[in-house]
Structure formats: structure tokens, C-alpha cells
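Enquirer: got a structure for you, letters missing:
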């Protein structure tokens, strides 16, 4: 399968919405805000198959020490094909001179996935959020 990877931000709000709905993420309910938020991120890589957005990763960084991977999503119909791994590779390459690349793994399968891709758990750390309605 021929997957095209790019850092060009040539996606529409509708394409983002379809991808984020495919992984059942709440962000999909706000496609225009999602597109706008991604436009303000330092790094966005996308994966495409036959004109369809099938994967995306983004990172926010402080320009020197720390990069935060915010989203990594791959359409379930395309998972297991190495798309997420390639998107992660691109982020790790871009930020190879940074001290940290940080991300949140929300469940055991994701913890295993990220461990398999070189990340480790930070013991004693807790994720906190303030959800605005």
C-alpha cells in the first residue's frame, strides 16, 4: 500500500473530523477548532492513502528542551501497517537534539505500543486535566 507522508498542512476540517471520528476522539466534534489548533502547532505530519487522510501526529515544543506529542492517530482500517511508527519516527528525528519528547499513553495497549517505539513510563507521574464544557 502506497502511503504518502507530508508535513504540509493541506487538510480540511472535514478530513480532520473524519480521521478523529474514526478513533472516537472528542476533538472530532470541533473540526474547525481542531484545524485551527493544528495550524498553531510547531509540528504536524500526516499520512495519506489515495487522497484520504489516514494518520496524523502533532507536537508542541519550547524550541529547545521539550517537545510534547499531543495527537497520534491512525484510522483503524490502517492500523498495524506501520503508519503510526513512521509518524513517530519523523517526530523523534525532528526532535532528536531535544532533552525530552513527552507524550501521554492512556491505556495498557498504548503503553506497550509507545514502549515498543522507544518511550518509557515515568514512575510517580500523574495526568491531570481541567475540562471546560
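Expert: It's in. Bear in mind that the values here come from a model prediction, so they are computed numbers and not experimental data.
Enquirer: list the buried ones in the longest helix along the chain?
Expert: Looking across the chain with DSSP state H, the single longest helix is helix 83-94. With burial defined by 16 or more other CB atoms under 10 Å, the residues of helix 83-94 counted as buried are 83-84, 86-92, 94. The way it works is simple: take the backbone N, C-alpha and C, and place the C-beta from them, glycine included.
Enquirer: please apply the same query to stretch 53-67.
Expert: 53-59, 61, 67.
Enquirer: surely residue 69 is in contact with residue 61?
Expert: No: contact between residue 69 and residue 61 fails when scored by CB atoms under 8 Å: they sit 9.9 Å apart.
Enquirer: return the residues in contact with the most centrally placed residue in the chain.
Expert: The residue lying closest to the centre of the chain (CA atoms, centre = their mean) is residue 72, at 2.2 Å. Residue 72 makes contact with 56-57, 84, 87-88, 103, according to CB atoms under 8 Å, 6 or more residues apart in numbering.
Enquirer: check residue 99 too.
Expert: Contacts for residue 99 (CB under 8 Å, 6+ apart) come out as 65-66.
Enquirer: what's the distance between it and residue 64?
Expert: Using CB to CB, to the nearest Å, residue 99 is found at 8 Å from residue 64.
Enquirer: strands of the protein, start to end?
Expert: Listed in chain order, the strands of the chain (DSSP state E) span 4-6, 43-49, 52-61, 66-74, 100-102.
Enquirer: report the distance from the last one to the chain centre.
Expert: Looking back up the chat, that one is strand 100-102. Relative to its chain's centre, strand 100-102 lies at 13 Å (CA atoms, centre = their mean, to the nearest Å).
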